[in-house]
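1. fold the following and give me the result.
(one chain, ligands or ions: 1)
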Amino acid sequence: MKIAMGNDHTAVEMKKVIKAYVEAKGYEVIDLGTNGSESCDYPLFGEKVAQAVSAGEADYGIAICGTGIGIGIAASKVKGIRVCTCSEPYSARLSRMHNNSNVLTFGARVIGDEMAKMIVDQWLDSTYEGGRHQRRVDQLAEIEMRNR
Ligand code: RB5
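-> Take a look at the predicted model:
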């Protein structure tokens, strides 16, 4: 299983920690940057992560900026992407089970490394339930089609 990861300058250190963490869990990471400390713009990295997932180059995406919000908004603009921006593990778990989320974002200025690991664990270890949720997930795709 492959995870595309991306971040802005606020989250270089957290990205390194989470990258090593998911690699230790057996995932292959496609690191789309940034890995420099100079200020950069989160939309580019949200888009890169989302495109990797949308194109099938990665199974999941994890994107980190200061709050997780900007990079999540950017990722959610890409076709087929369902973002969850989480600061705690419960929402991460339910976003997989009910929303079939495929990109997780969080904020390096909001949560610490250990909370980020708990969120990642719940997100990666939870499975989409389908069933009654599929109708709603299909409706999300229909919104995309209507608003192209
Ligand atoms: C950068 O200062 C900050 O705006 C960015 O990391 C992110 O929090 C945006 O949503």
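2. buried stuff in the helix ranked longest in the chain?
-> Longest helix in the chain, counting residues (DSSP state H): helix 132-146. Using 16 or more other Cβ atoms under 10 Å as the test for burial, helix 132-146 gives residue 137. Where you see a C-beta, it was placed from the backbone N, CA and C, and this is true even at glycine.
3. let me know how buried residue 38 is, in neighbour terms.
-> Residues within reach of residue 38, counting by other Cβ atoms under 10 Å, total 6.
4. what helix or strand does it sit in?
-> Secondary structure from DSSP states H and E places residue 38 outside every helix and strand.
5. please name the nearest non-neighbouring residue to it.
-> Among residues not flanking residue 38 along the chain, residue 9 sits closest, at 6.3 Å (Cβ to Cβ, 6 or more residues apart in numbering).
6. re the thing from before, ok, and what's touching the longest helix of the chain?
-> Here helix 132-146 makes contact (Cβ atoms under 8 Å, 6 or more residues apart in numbering) with 79-80, 82, 97-100.
7. kindly supply the PyMOL command isolating those of the residues you listed that are buried.
-> Applied in PyMOL, the following selects the buried portion of the contacts of helix 132-146 according to 16+ other Cβ under 10 Å:
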select buried, resi 82+97+98+99+100
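8. for this structure, which residues are neighbours of the ligand?
-> Residues of the chain found near the ligand (Cβ under 6 Å from any ligand atom) are 8, 10, 42, 65-67, 69-70.
9. cutoff 5 Å now
-> Listed as neighbours of the ligand in the chain under the rule Cβ under 5 Å from any ligand atom: 8, 10, 65-67, 69-70.
10. mind checking how far the spatially most central residue of the chain is from residue 98?
-> The centre of the chain sits closest to residue 104, judged by Cα atoms, centre = their mean, with a distance of 2.4 Å. According to Cβ to Cβ, to the nearest Å, residue 104 stands 14 Å off from residue 98.
11. the chain: strands as residue ranges?
-> Remark: strands assigned in the chain by DSSP state E are 2-7, 28-31, 60-65, 83-85, 103-107.
12. which residues are in contact with the shortest one?
-> Think strand 83-85. The set of residues external to strand 83-85 that reach it, using Cβ under 8 Å, 6+ apart, is 50, 68-69, 72-73, 75-76, 91-92, 95, 99, 101, 103-107, 123.
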